[in-house]
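1. here is a sequence together with a model predicted from it:
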Amino acid sequence: MFFLSITISYSVMGQKIEEKNLKGHIQILANDAMQGRQTGSEGERMALDYIKKQFTELNLSPKGEGNAFEQSFPFKGGMHGTGAEGTAHNVVAYIDNQASKTIIIGAHFDHLGLGENGSSLDANPQGKIHNGADDNASGVAGVIELARYFSKNKIKENNNFLFICFSGEELGLFGSKYFTEHPTLDLNQVNYMINMDMIGRLNPTTKSVSVSGTGTSAVWEPALKSLSGTKLSIKTDSAGIGPSDHTSFYLKDIPVLHFFTGSHSDYHKPSDDWDKINYAGEKEVLELIVTLIEKLDKEPKLEFLATKNKSMSSARSFKVTLGVMPSYTSDASGLLVDGVTEGRPAQKAGIETGDIIIQIGEYPIQDIQNYMDALGKFEKGQTVPVKVKRKSEVLTLDVTF
């Protein structure tokens with residue numbers, strides 16, 4: 001981890017990121033009226049119409065199908081695309097600065113609807129509205145606010161901007177995959193892609209933000225490290241593949257970054273509501289993104305680098321789950337538990353939010369990779385001892401998968 005300090009000169013930039021705008025967008029997108037914005041639903045359509053309205057008021061150019069902001073795509077609902085067929089939509093807008101290269105800024109706007117697709121972590125999710133304020137109304141608000149910033153900025157950047165709000169992410173990156181297979185601009189002109197997924201819960205104490213994809217271009221790490229004067233603590237991950245929409249662009253050999261302020265106990269639950277968002281923290285994250293974009297603006301087009309993507313290597317094999325939400329921004333040795341799902345093995349065994357898992361069975365746990373590797377060793381029905389550090393005490397709890 002390294003610490004950045006950013007001093008932004010608003011007189012030079014000509015614009016400010018406005019906290020009140022972020023709050024207004026998230027309150028609307030995460031309102032019960034949108035019924036959880038499930039892919040292909042009426043709630044998704046309501047969210048789409050709201051995003052289109054914002055892009056229209058900013059005088060952005062439509063860059064979807066034809067002369068529209070929308071790009072429709074087919075999908076199958078349910079877990080892993082096993083359900084009914086339907087149609088969903090991306091929302092795409094453009095700022096043409098007459099430049100030779102384009103920056104893509106994106107976030108997904110779909111969520112879990114009424115908790116019926118199997119992804120909710122609530123004990124009894126069916127029929128409950130999952131508003132997804134952090135996941136991912138926060139990212140969509142970031143796209144809209146950055147679109148406002150760059151459309152109103154007095155400085156004309158040396159990049160064009162493509163702003164995309166994707167649907168179908170929760171079902172398997174459907175919208176971003178469709179866009180990269182059916183792009184509405186030449187992908188060879190894309191400089192890089194910035195993805196924002198869950199940027200609304202910056203911890204006010206640690207101020208830790210995770211930035212992944214830093215290995216996809218040689219520019220990223222030195223560019224971030226060279227920024228000085230900020231209070232944000234940044235944890236980087238080189239992998240270009242991860243569980244969000246930047247993956248679709250990485251697979252097309254485009255440099256990517258994914259910004260994420262960490263998991264929490266409300267993740268994929270009905271309790272992920274607008275009043276729990278750290279709006280001042282999200283503003284700081286967006287200011288970091290603006291500063292990074294401005295810093296690289298006069299640089300040549302970024303060269304793509306493939307990464308080892310170790311962070312996904314073990315997702316293939318494990319047959320069991322503890323039912324915990326890992327922290328992706330912790331520097332603690334072990335796996336810091338950010339949330340525990342009711343009725344799952346961890347909760348039944350007595351594991352609590354804030355515990356640090358340091359051993360599962362005979363396997364020591366130093367990080368999330370060790371944790372995923374260990375899960376692949378067990379079968380449903382097995383009971384194994386799990387060691388957790390709780391404050392200064394080490395406890396051994398029996399977990400039945």
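-> Okay, I see it.
2. what are the ranges of the strands in the stretch 51-200 of the chain?
-> 61-62, 70-76, 85-95, 102-108, 160-166, 190-196 (DSSP state E, counting those that start in this stretch).
3. okay, these in a markdown table with mean neighbour count and distance to S233 next?
-> No exception for glycine: its C-beta is placed from N, CA and C like everyone else's. Below are the strands of the stretch 51-200 of the chain laid out as a markdown table (neighbours: other CB atoms under 10 Å; distance: least, CB to CB, whole Å):
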| stretch | mean neighbour count | distance to S233 |
| --- | --- | --- |
| strand 61-62 | 16 | 37 |
| strand 70-76 | 18 | 37 |
| strand 85-95 | 22 | 31 |
| strand 102-108 | 26 | 22 |
| strand 160-166 | 27 | 28 |
| strand 190-196 | 27 | 18 |
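4. save the ones you listed as JSON lines, and put in distance to I356 and mean pLDDT too.
-> Below are the strands of the stretch 51-200 of the chain laid out as JSON lines (distance: least, CB to CB, whole Å; pLDDT from 0 to 100):
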{"stretch": "strand 61-62", "distance to I356": "49", "mean pLDDT": "98"}
{"stretch": "strand 70-76", "distance to I356": "38", "mean pLDDT": "94"}
{"stretch": "strand 85-95", "distance to I356": "39", "mean pLDDT": "96"}
{"stretch": "strand 102-108", "distance to I356": "30", "mean pLDDT": "98"}
{"stretch": "strand 160-166", "distance to I356": "34", "mean pLDDT": "98"}
{"stretch": "strand 190-196", "distance to I356": "28", "mean pLDDT": "98"}
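5. now do the host helix or strand of N370, average pLDDT.
-> Secondary-structure assignment from DSSP states H and E places N370 in helix 368-375. Per-residue pLDDT values over helix 368-375 give a mean of 85.
6. related to what we said a few turns ago, can I get the strands of the stretch 51-200 of the chain in JSON lines including distance to K389?
-> What follows is these, written out as JSON lines (distance: least, CB to CB, whole Å):
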{"stretch": "strand 61-62", "distance to K389": "53"}
{"stretch": "strand 70-76", "distance to K389": "42"}
{"stretch": "strand 85-95", "distance to K389": "43"}
{"stretch": "strand 102-108", "distance to K389": "35"}
{"stretch": "strand 160-166", "distance to K389": "38"}
{"stretch": "strand 190-196", "distance to K389": "32"}
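7. so which of the ones you listed is nearest N117?
-> Evaluated with CB to CB, those place strand 70-76 nearest to N117, the distance being 11.0 Å.
8. C-alpha coordinates for the following helix or strand past the helix holding N370, PDB please?
-> Past helix 368-375, further along toward the C-terminus, the next helix or strand under DSSP H and E is strand 383-390. As requested, the backbone C-alpha atoms of strand 383-390 are provided in PDB (Å, rounded to 0.1, in the frame of the first residue of the first chain):
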ATOM      1  CA  THR A 383     -16.800 -30.000   9.800                       C
ATOM      2  CA  VAL A 384     -13.400 -28.200  10.100                       C
ATOM      3  CA  PRO A 385     -11.800 -26.100  12.800                       C
ATOM      4  CA  VAL A 386     -11.400 -22.400  11.800                       C
ATOM      5  CA  LYS A 387      -9.000 -20.100  13.700                       C
ATOM      6  CA  VAL A 388     -10.000 -16.500  13.900                       C
ATOM      7  CA  LYS A 389      -8.300 -13.500  15.500                       C
ATOM      8  CA  ARG A 390     -10.800 -11.400  17.400                       C
END
